[in-house]
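Participant: need a structure here:
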Amino acid sequence: MSWNQDDPPPTNPYRAPDWQSHQFQQVPTMPSPPPQPPKRRSWVLPTVAAGAAVVLIAGGAGAFLLYGKPAKTTSGDAASPATSQSATPSPTRPVMDVCAMLPAAEAERLVPAATVDKRSREADYAVYSYCDWSNRRISHGEFWRSREIKVSIAQHKPDGPSTGRAEAQQSFESERGFFNYKAKNQDKPDEPGEKNYNSPVRDYAGVGDGAAFGQYTWRRDKLLWYSFGEGRVRVDDLVIEVRYQASQQRKDAKMLSNEGTQSISEENALREVGLLLTHLAKSAAEWKKAHPGQLAHAEPSPSPSATPTAAPTPAPTPSSSPTVMAQLPPACKRMTPAMIKLVPGATERARANGAAGMKETECRWLNLNVPAGEGRRRIRSVLLTIQVFSNRAGAGDPTAALSNYSTKLGGARFSESSGIGGVTWGKIEELKGLGDAAYVQYRVDKKNTVFNGSADVVVRLGPTVIQASYAGSDLGADEPTNSPKVKVLGEKEARDGAMTVAREILASLAKAGLKND
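Facilitator: The predicted model follows:
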């Protein structure tokens, strides 16, 4: 489906590793997994960290070379002496900084907090300068957004009697012909369900030396859903190529799937391409005026910048030094009678944590030696995390809570019905009638120091996200906690316990008017 957004458009999971000469190579890539939320401090069981390293190998397939360099010809525009450069490199040749040619505010609007990759190289026919702005993991409410701008500027060299300007004009006209060919000869799908569309060529009058043009491409198949706008403009001996990609997908979508993917619409893509071409053509004309008759110098390619063009707003995460509270806060204290039934003889502990826009409280009830008959013991634990989100004015922020909840659900779906290294995860069940949204998932840990079975219930209610966990195991009084003989807490008991914790905290918070007291 196309996406017609009101705010700045997002970008897609379709990335080319490099542009060769003045040509695009398109290599589809699989979407990457969502970042896992920071793990809660593991009080469920001492020294237990129920985690797993998951390695995804996302392979690109099927590079498509869109067009080649046209045959040489001596026809073209007549050039003034100032545009007939020598192909011999000069130590004083100026550098063309493509990244500086796009206004910073425009780059930030289209690709917030972008990583910038700048490079250049010299070939037989032209000097190529590139700049890419990319951010494929933008958190926006319930969605992960992906955006990218790719710009290439080719400064064409003279070839015999043909001037650099004539060479550039020839390349420009050849590419326009190719765009028209794609629009009139749509690719036929190879498999059922595949769809491909290339829009008619759109002219941008008054941009560069004559009309610039653009085209929209939309593609759907089993693995990839993407769309982008691209365009060309000529300024003297410079041919500028632009591509803008934007897409988004729900955070709770299944991994390695196209579920819920939305990509930029035709109108929005062509609008943004036109604006980019306008900015770049103006900057290119200024560069030519400042360096008449000079050929750009190709600098050694640096590594992609790890510093974004603008610092991203950090997600609210707990600080590294939580405060241990002398006693349980009121919201947890009211739950104690019910928690003692789940964890007889429990030791209680609470910690407070927070960051800008988020206050977090953790409460736990733990007993490593619950009597279970002669020569037997049980380990039982309740861990409760309450996160309350607020905006800059200090008011509750349900949107931030929704984003956090969606991230947690997306991470849970990534591990659903899977296992690695002795840790297995069960299916996710979304729960009705519990807060604004809720789900439960069972997990078995036979990897870490204390083997256990546990269930997590995650609830969203207004500006609050709650994670309630109930965990445990049965074992011999002197048996090691990671013995093969340990009997982990079963799924039904774990889920029932976690549901009890979730209902109790919701009732307790309701008494306090949903304030984390």
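
Participant: residue 342 and residue 426, how far apart?
Facilitator: To residue 426, residue 342 is 20 Å away according to Cβ to Cβ, to the nearest Å. To be clear about C-beta, it is placed using only N, CA and C from the backbone, and glycine gets the same treatment.

Participant: scratch that, residue 238
Facilitator: Residue 238 is 59 Å from residue 426, by Cβ to Cβ.

Participant: who has more neighbours out of those two?
Facilitator: residue 238 (28 against 20; other Cβ atoms under 10 Å).

Participant: and the more buried one, what does it touch?
Facilitator: Neighbouring residues of residue 238 by Cβ atoms under 8 Å, 6 or more residues apart in numbering: 153, 154, 155, 156, 168, 284, 288.

Participant: what's around the fourth one, how many residues?
Facilitator: Other residues within reach of residue 156, judged by other Cβ under 10 Å, total 28.

Participant: go on, the second one?
Facilitator: The number of residues packed near residue 154 is 27, by other Cβ under 10 Å.

Participant: likewise for residue 398?
Facilitator: With other Cβ under 10 Å as criterion, residue 398 counts 17.

Participant: test for you: state the pLDDT assigned to it.
Facilitator: pLDDT, residue 398: 91.

Participant: which two among the contacts of residue 238 are spaced furthest apart?
Facilitator: 154 and 288 (13.7 Å; Cβ to Cβ).

Participant: quick one on the thing from earlier: from the contacts of residue 238, which shows the smallest pLDDT?
Facilitator: Scoring those by pLDDT puts residue 168 last, at 92.

Participant: how about the residue nearest the centre of the chain, nearest residue that isn't a chain neighbour?
Facilitator: Centroid-nearest residue in the chain: residue 137, 1.6 Å away (criterion: Cα atoms, centre = their mean). Spatial nearest neighbour of residue 137, chain neighbours left out: residue 144 (6.1 Å); criterion: Cβ to Cβ, 6 or more residues apart in numbering.

Participant: I'd guessed the one you found sits against residue 261; true?
Facilitator: No - counting by Cβ atoms under 8 Å, residue 144 does not reach residue 261; the two are 10.3 Å apart.

Participant: joint contacts of those two?
Facilitator: 248, 249.

Participant: more neighbours: which of these two?
Facilitator: Legend: neighbour count by other Cβ under 10 Å for residue 144 and residue 261, higher for residue 144 (24 against 21).

Participant: pLDDT at that one, what is it?
Facilitator: Value for residue 144, per-residue pLDDT: 81.

Participant: contacting residues around it?
Facilitator: Here residue 144 is in contact with 34, 137, 138, 248, 249, 250, 251, 410 (criterion: Cβ under 8 Å, 6+ apart).

Participant: give me the buried subset of these.
Facilitator: 34, 138, 248, 249, 250, 251, 410 (16 or more other Cβ atoms under 10 Å).

Participant: among the residues you listed, which lie within strands?
Facilitator: 138, 248, 249, 250 (DSSP state E).

Participant: need those in a markdown table with distance to residue 175, can you?
Facilitator: Shown next, in a markdown table, are these (distance: Cβ to Cβ, whole Å):
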| residue | distance to residue 175 |
| --- | --- |
| 138 | 31 |
| 248 | 30 |
| 249 | 32 |
| 250 | 37 |
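
Participant: next up, phi/psi of residue 201, please.
Facilitator: Phi and psi for residue 201, reported as degrees, to the nearest 10, are phi -70, psi 130.

Participant: if I look at it, how far off is residue 107?
Facilitator: Counting by Cβ to Cβ, the gap from residue 201 to residue 107 is 26 Å.

Participant: same deal with residue 508?
Facilitator: Taken as Cβ to Cβ, the span from residue 508 to residue 107 is 48 Å.

Participant: strands of the stretch 101-250 of the chain, start to end?
Facilitator: 115-122, 126-140, 143-156, 195-198, 202-204, 212-220, 225-235, 238-250 (DSSP state E, counting those that start in this stretch).

Participant: least reliable of those going by mean pLDDT?
Facilitator: Among the strands of the stretch 101-250 of the chain, strand 195-198 scores lowest, with a mean of 86.

Participant: hey, where'd the strands end up in the stretch 251-400 of the chain?
Facilitator: Ranges of strands in the stretch 251-400 of the chain, per DSSP E, counting those that start in this stretch, are 262-264, 323-325, 347-355, 358-371, 376-389.

Participant: between these, which gets nearest to residue 395?
Facilitator: strand 376-389 (10.0 Å).

Participant: give me the helices and strands touching that closest one, please.
Facilitator: Applying 3 or more Cβ pairs under 8 Å, 6 or more residues apart in numbering; DSSP states H and E, we find strand 376-389 packed against helix 336-342, strand 358-371, helix 398-415, strand 464-476, helix 491-511.

Participant: dump the ones you listed to TSV, plus distance to residue 292.
Facilitator: Shown next, in TSV, are the helices and strands packed on strand 376-389 (distance: least, Cβ to Cβ, whole Å):
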stretch	distance to residue 292
helix 336-342	79
strand 358-371	56
helix 398-415	52
strand 464-476	61
helix 491-511	71
